[in-house]
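**Q** Show me how the following folds:
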Amino acid sequence: MRIVPFRGYRYNPDKVPALSQVVAPPYDQIDPETRETLHALHPWNFVRITQGRPEPGDVGDGDRYRRARECLDRWIAEQVLIRDPEPALYPVLTTYQVGGETLSRLGFICLGALAEYEEGVVLPHERTHAGPKVERLAHLEATGADTGVIFMLASDPSGELLRAAASPPTPPVAAARDGRGELHQLWRMTNPAAIARVQALMADKRLIIADGHHRYETALEYRRPHPGADWKLMAIFPLEAPGLTIFATHRLLHDVPGFDAEALVAKAARWFEIERGPGLQSAVAEAAALLVALDARIVLGRLAVALVAGAEGPGWLLTLRPQAFDAIPWPEGTSQAWRRLAVSVLHEGLLKPFLGITDAALSQQTRVDYTADAAEAVASVRKGSYQAGFLIPPTAPAELQAVVRAGELLPQKSTFFYPKLLDGLVFHRFSEGDSA
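**A** From the prediction side, this is the model:
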């Protein structure tokens with residue numbers, strides 16, 4: 001992967017000392033309620049650039065994109081946003097909490113050379129849909145700015161890239177907390193020798209897209225009529241580093257005619273060992289206990305999912321019998337690595353054969369919704385908002401890499417990388433020619 005430094009645009013600290021008030025989540029993490037909250041938080045919040053709200057009198061989304069461009073141009077003219085004086089790589093450190101533990105995730109932001117998937121330099125791990133790409137392309141055409149950082153993974157088992165891209169021994173040039181309170185810090189690396197070292201280490205790397213498939217494919221589409229738009233803003237993180245956290249995306253069942261949890265469990269006993277989960281009153285405690293039980297089975301090399309249904313517990317733990325693995329009607333051509341994903345076991349060993357839930361239903365969410373919050377999943381089922389919930393263990397980084405490097409895509413909604421990157425820390429304008 002070829003990478004280059006660039007002269008990024010950032011908020012002017014003299015005008016915006018409280019950066020947490022103006023940064024925003026990625027566009028696809030912003031629902032209408034979040035958008036209103038961000039709009040109200042500060043008149044210079046970056047959501048006005050990435051996901052502006054409709055206004056009375058708008059004729060289609062084009063008016064939103066036009067306002068985004070006007071806003072961007074005005075903030076630059078008024079020096080709310082300023083451009084760094086020299087090209088840089090931007091080390092980025094996220095410090096966050098998971099399960100009471102403090103973790104750190106270090107990477108760097110750069111411009112990476114666009115490559116078609118067939119070239120094998122950039123590897124996707126999930127399918128995309130046409131709608132978001134059409135929307136993002138219209139936004140890109142209107143603004144002429146690359147505002148959304150793609151979350152990329154690079155294998156770095158020796159830690160050499162991690163050490164080379166470490167932040168300089170100076171205070172960060174930007175620091176902000178996201179909506180969950182996690183801390184994001186940004187530095188500038190301008191030393192030519194240090195930059196050249198990172199570029200050399202990246203030269204033979206292949207990247208896996210963690211978050212940002214729609215934005216990456218939109219960039220590929222944008223460059224076709226725009227010669228020279230050959231680079232994409234991306235944040236690159238080592239795949240093996242301890243600060244990489246992937247949450248599971250749990251399934252919530254709805255609108256399945258005649259659904260009966262006891263009947264499902266009875267059918268599943270053909271392939272799964274069935275145990276009752278802990279009978280706990282609190283959804284938080286029940287979810288935590290079920291996840292611990294799933295983790296214990298992973299340690300033993302077993303594949304398992306948890307099921308909750310009805311107003312009261314306990315739920316069920318369903319552990320695949322080793323001898324039943326080959327009995328599941330796996331999709332033709334899928335690898336052993338793909339089949340050993342917990343989400344694959346759930347889809348192919350439970351939802352499809354026993355509930356008739358198709359790939360189309362999973363994709364279109366006509367029978368299944370998704371959440372990364374296990375406690376929310378249990379609580380939603382217990383209060384009757386859903387027929388059932390299926391909790392699964394997360395996809396491990398090594399599992400992700402094995403499937404993607406085999407040329408396969410993971411099942412729908414297999415990963416939730418945490419924390420999400422922030423928009424507004426640094427961005428790039430195509431017209432500036434940084435990559436020349």
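
**Q** Let me know the pLDDT of residue 276.
**A** Residue 276 is assigned 95 on the pLDDT scale.

**Q** give me the beta-bridge partners of it?
**A** residue 316 (DSSP bridges).

**Q** ok, it - how many residues close by?
**A** 11 (other Cβ atoms under 10 Å). Placement of C-beta: from N, CA and C, glycine included.

**Q** looking at it, it is touching residue 318, isn't it?
**A** No. Assessed by Cβ atoms under 8 Å, residue 276 is found out of contact with residue 318, at 10.9 Å.

**Q** Tell me who's in contact with residue 13.
**A** Neighbouring residues of residue 13 by Cβ atoms under 8 Å, 6 or more residues apart in numbering: 19, 173-174.

**Q** do residue 395 as well
**A** Residues in contact with residue 395 (Cβ under 8 Å, 6+ apart) are 246, 248, 341-343, 410, 414-415.

**Q** Could you list the buried residues of the helix or strand harbouring residue 220?
**A** In the assignment (DSSP states H and E), residue 220 maps to helix 213-223. By 16 or more other Cβ atoms under 10 Å, the buried positions in helix 213-223 come out as 213-220, 222-223.

**Q** Same check on stretch 247-266?
**A** Buried, per 16+ other Cβ under 10 Å, within stretch 247-266: 247-253, 256, 261, 264-265.

**Q** In terms of secondary structure, what does the worst-scoring helix or strand of the chain on mean pLDDT contact?
**A** The weakest-scoring helix or strand in the chain, judged by mean pLDDT, DSSP states H and E, is helix 359-364 (a mean of 86). If you count contacts as 3 or more Cβ pairs under 8 Å, 6 or more residues apart in numbering; DSSP states H and E, helix 359-364 packs onto no helix or strand.

**Q** Can you name the residues in contact with that helix?
**A** Residues outside helix 359-364 that contact it (Cβ under 8 Å, 6+ apart): 127, 129, 347, 351, 366-368, 411-413.

**Q** Check the offset of it from the chain's centre.
**A** Remark: helix 359-364 is offset 19 Å from the chain centroid, using Cα atoms, centre = their mean, to the nearest Å.

**Q** so who does residue 180 touch?
**A** With Cβ under 8 Å, 6+ apart, residue 180 has these contacts: 96, 419.

**Q** Look up phi and psi at it.
**A** Main-chain torsions, residue 180, degrees, to the nearest 10: phi -100, psi 0.

**Q** which sections of this protein are below the confidence cut-off?
**A** Low-confidence regions of the chain, defined by pLDDT under 70, span residues 432-436.

**Q** State which strand of it is the longest.
**A** When the chain is parsed with DSSP state E, its longest strand is strand 101-113.

**Q** and the next element down the chain from that strand?
**A** Following strand 101-113 in sequence, per DSSP H and E, is strand 122-123.

**Q** next SSE after that next one?
**A** Going down the chain from strand 122-123, the next helix or strand is helix 130-143, by DSSP H and E.

**Q** ok, and the closest non-adjacent residue to residue 261?
**A** With sequence-adjacent residues excluded and distances taken as Cβ to Cβ, 6 or more residues apart in numbering, residue 261 is closest to residue 309, at 3.5 Å.

**Q** Now stretch 310-330 - C-alpha only, CSV.
**A** Extracted in CSV, the C-alpha atoms of stretch 310-330 (Å, rounded to 0.1, in the frame of the first residue of the first chain):
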residue,chain,number,x,y,z
GLY,A,310,-40.1,-14.3,26.8
ALA,A,311,-40.6,-12.0,29.7
GLU,A,312,-38.6,-14.0,32.1
GLY,A,313,-35.3,-16.0,32.2
PRO,A,314,-33.4,-18.1,32.2
GLY,A,315,-32.2,-18.2,28.6
TRP,A,316,-30.5,-21.1,26.8
LEU,A,317,-26.9,-21.9,25.9
LEU,A,318,-26.6,-23.8,22.6
THR,A,319,-23.2,-25.4,22.0
LEU,A,320,-22.6,-27.1,18.7
ARG,A,321,-21.8,-30.8,19.0
PRO,A,322,-18.4,-31.4,17.3
GLN,A,323,-19.8,-34.3,15.3
ALA,A,324,-22.7,-32.1,14.1
PHE,A,325,-20.4,-29.5,12.5
ASP,A,326,-20.4,-31.2,9.1
ALA,A,327,-24.1,-31.9,9.2
ILE,A,328,-25.0,-28.2,9.0
PRO,A,329,-26.0,-27.2,5.4
TRP,A,330,-23.1,-24.9,4.8
